[in-house]
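Trainee: coords below, sequence missing:
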């Protein structure tokens with residue numbers, strides 16, 4: 001016969017006064033001591049031996065909560081796990097490295113792209129290497145300073161990100177009960193008294209090409225038989241980020257409608273972005289089609305390894321072959337070239353150009369009233385940009401060779 005469950009009345013934790021053990025069923029007991037102390041206990045058998053596991057004081061843990069904890073313990077037993085050993089292991093203080101790895105694993109799914117997750121992982125593994133073996137409850141200000149001080153002035157951006165990430169890991173450790181007190185990685189009112197204030201960073205502008213030189217650059221691109229050359233020209237014509245182009249799959253394209261829909265998870269702003277395709281952009285896709293299976297999940301611009309996408313380094317190598325020094329020109333800079341063209345030469349409104357770049361324009365109220373993405377208006381703009389970029393349209397354009 002199945003054992004009766006939930007025997008105790010709701011007020012048993014406060015009304016039971018006689019010392020003894022009061023069964024609720026399923027191994028859960030309320031134990032009343034001689035001094036009327038009350039606690040919840042889960043009794044179970046492990047290798048033919050009865051074991052009592054405390055579930056908390058009845059003054060703090062409600063009957064409903066005690067039943068939840070007992071049910072969780074029974075579930076572990078059903079899986080062949082000793083619930084007491086599991087509880088003790090969960091209470092063990094992890095090292096900073098173990099806590100950091102757990103933090104990245106737990107929060108990784110909420111980050112929009114794998115690159116961001118990899119940056120967190122690399123920072124907490126390499127830059128915080130000295131912290132990793134330290135028990136997370138023993139991390140002190142001197143430990144954090146030992147990691148930050150050597151790079152604070154040399155790599156200010158890296159150091160700032162590292163400090164913030166250490167702070168978040170230690171906050172998570174405190175939330176899980178592994179440490180108490182102030183966070184030794186906190187900046188305001190703490191580390192700001194120990195480290196020099198960083199100069200406010202100006203957002204680094206990506207090296208860009210003046211828009212007047214873009215047609216000549218594209219003429220040079222078209223002379224090169226390389227996937228990277230096709231991908232870079234496509235990025236220029238769509239004003240897209242290089243990562244959005246490199247990660248593009250065939251399932252994102254409606255070639256008959258001349259629309260590329262980049263899903264939210266691949267966008268910096270975290271929302272779908274539709275890109276109208278010019279005739280030349282469609283022509284590039286047609287050329288790229290034989291390079292892959294063309295299946296919806298297949299990348300449009302493949303890398304050297306089967307099934308892989310083109311790497312960011314492939315663009316760097318391409319620009320180097322075209323005569324550019326490292327950092328002299330970046331794929332992302334062509335978004336600035338497009339923006340300058342739109343603002344200085346074209347008659348298209350600013351909001352349209354910003355929409356093409358997938359930038360957020362206006363406050364929340366303004367965006368609420370402007371729900372559409374002006375696709376057809378943007379199509380006219382992107383067609384005009386493609387015509388401007390086309391070296392064939394201007395017989396005076398010559399192939400562009402590096403920075404000469």
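Mentor: That came through, no problem. Since the structure is predicted, the reported quantities are computational estimates derived from the model, not experimental observations. Numbering: from 1, shown residues only.
Trainee: Got the domain ranges for this structure?
Mentor: According to automatic domain parsing, the chain comprises the domains 12-91, 96-193, 211-393.
Trainee: Could I get these in TSV, plus columns for mean pLDDT and mean neighbour count?
Mentor: For glycine as for every other residue, the C-beta is placed from the backbone atoms N, C-alpha and C. Shown next, in TSV, are those (pLDDT from 0 to 100; neighbours: other C-beta atoms under 10 Å):
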stretch	mean pLDDT	mean neighbour count
domain 12-91	89	15
domain 96-193	89	16
domain 211-393	88	17
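Trainee: Adding distance to residue 6, write those domains out as TSV.
Mentor: Shown next, in TSV, are the domains of the chain (distance: least, C-beta to C-beta, whole Å):
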stretch	distance to residue 6
domain 12-91	6
domain 96-193	29
domain 211-393	44
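Trainee: Among those domains, which comes closest to residue 4?
Mentor: Proximity to residue 4, assessed across the domains of the chain by C-beta to C-beta, is greatest for domain 12-91 (5.1 Å).
Trainee: now the helices for the stretch 301-404 of the chain?
Mentor: Remark: helices assigned in the stretch 301-404 of the chain by DSSP state H, counting those that start in this stretch are 312-321, 333-344, 350-356, 364-369, 375-389.
Trainee: what would these look like in CSV with distance to residue 46?
Mentor: Converted to CSV, these look like this (distance: least, C-beta to C-beta, whole Å):
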stretch, distance to residue 46
helix 312-321, 54
helix 333-344, 63
helix 350-356, 64
helix 364-369, 57
helix 375-389, 65
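Trainee: For residue 257, which of these is the nearest?
Mentor: helix 375-389 (9.8 Å).
Trainee: now the closest one and helix 333-344, what's the angle there?
Mentor: Here the directions of helix 375-389 and helix 333-344 differ by 100 degrees (axes from the mean of the first three to the mean of the last three C-alpha atoms, to 10 degrees).
Trainee: now for helix 375-389, which elements pack on it?
Mentor: Judged by 3 or more C-beta pairs under 8 Å, 6 or more residues apart in numbering; DSSP states H and E, helix 375-389 is in contact with helix 214-221, helix 227-238, strand 273-276, helix 279-288, helix 333-344, helix 350-356.
Trainee: quick one on the thing from earlier: what's the closest of the helices of the stretch 301-404 of the chain to residue 32?
Mentor: Using C-beta to C-beta, the helices of the stretch 301-404 of the chain put helix 364-369 closest to residue 32, at 56.9 Å.
Trainee: picking that back up, among the helices of the stretch 301-404 of the chain, which is nearest residue 34?
Mentor: helix 364-369 (62.6 Å).
Trainee: quick one: the strands in the stretch 151-300 of the chain?
Mentor: 253-254, 259-262, 273-276 (DSSP state E, counting those that start in this stretch).
Trainee: Dump those to CSV, plus distance to residue 282.
Mentor: Below are the strands of the stretch 151-300 of the chain laid out as CSV (distance: least, C-beta to C-beta, whole Å):
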stretch, distance to residue 282
strand 253-254, 9
strand 259-262, 10
strand 273-276, 11
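Trainee: ok, back up a step: minimum distance to residue 123: which of the helices and strands packed on helix 375-389 has it?
Mentor: helix 333-344 (25.9 Å).
Trainee: Now do the top helix by length along the chain: which elements does it pack against?
Mentor: With secondary structure taken from DSSP state H, the chain has its longest helix at helix 156-175. Helices and strands touching helix 156-175, by 3+ C-beta pairs under 8 Å, 6+ apart, are helix 96-107, helix 141-152.
Trainee: Now render those as TSV, adding distance to residue 169.
Mentor: Formatted as TSV, these follow (distance: least, C-beta to C-beta, whole Å):
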stretch	distance to residue 169
helix 96-107	5
helix 141-152	11
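Trainee: For residue 292, find the nearest of these.
Mentor: Short answer: helix 96-107, nearest of the helices and strands packed on helix 156-175 by C-beta to C-beta, at 31.8 Å.
Trainee: Which residues does that closest one contact?
Mentor: 94, 117, 120-121, 124-125, 128, 131-136, 139, 168-170, 172-173, 178 (C-beta atoms under 8 Å, 6 or more residues apart in numbering).
Trainee: separation between residue 145 and residue 96?
Mentor: In this structure, residue 145 and residue 96 are 14 Å apart, going by C-beta to C-beta, to the nearest Å.
Trainee: Ok, residue 254 next?
Mentor: 49 Å.
Trainee: list the helices and strands the helix or strand containing residue 72 packs on?
Mentor: Using DSSP states H and E, residue 72 maps to helix 63-78. Counting contacts by 3+ C-beta pairs under 8 Å, 6+ apart, helix 63-78 is packed against strand 20-25, strand 28-32, strand 38-46, strand 49-57, helix 83-91.
Trainee: by how many degrees do the first one and strand 38-46 diverge?
Mentor: In this structure, strand 20-25 runs at an angle of 60 degrees to strand 38-46, with the same axes, to 10 degrees as the basis.
Trainee: Identify the residues contacting strand 20-25?
Mentor: For strand 20-25, the external contacting residues (C-beta under 8 Å, 6+ apart) are 3-8, 12, 16, 29-32, 41, 63, 66-67, 70.
Trainee: and if we set it to 6 Å?
Mentor: 3-5, 7-8, 16, 29-32 (C-beta atoms under 6 Å, 6 or more residues apart in numbering).
Trainee: swap in the last one?
Mentor: Taking contacts as C-beta under 6 Å, 6+ apart, the residues outside helix 83-91 that touch it are 51, 53, 73, 76.
Trainee: Could you rerun that using 10 Å?
Mentor: If you take C-beta atoms under 10 Å, 6 or more residues apart in numbering as the criterion, helix 83-91 is touched by 27, 42, 44, 46, 51-55, 69-70, 72-77, 79, 81-82, 176-178.
Trainee: and what of the fourth one?
Mentor: Applying C-beta under 10 Å, 6+ apart, the set of residues contacting strand 49-57 from outside is 13, 21, 27-31, 37-46, 61-62, 65-70, 72-73, 82-88.
Trainee: Having no further points to raise, I will conclude here.
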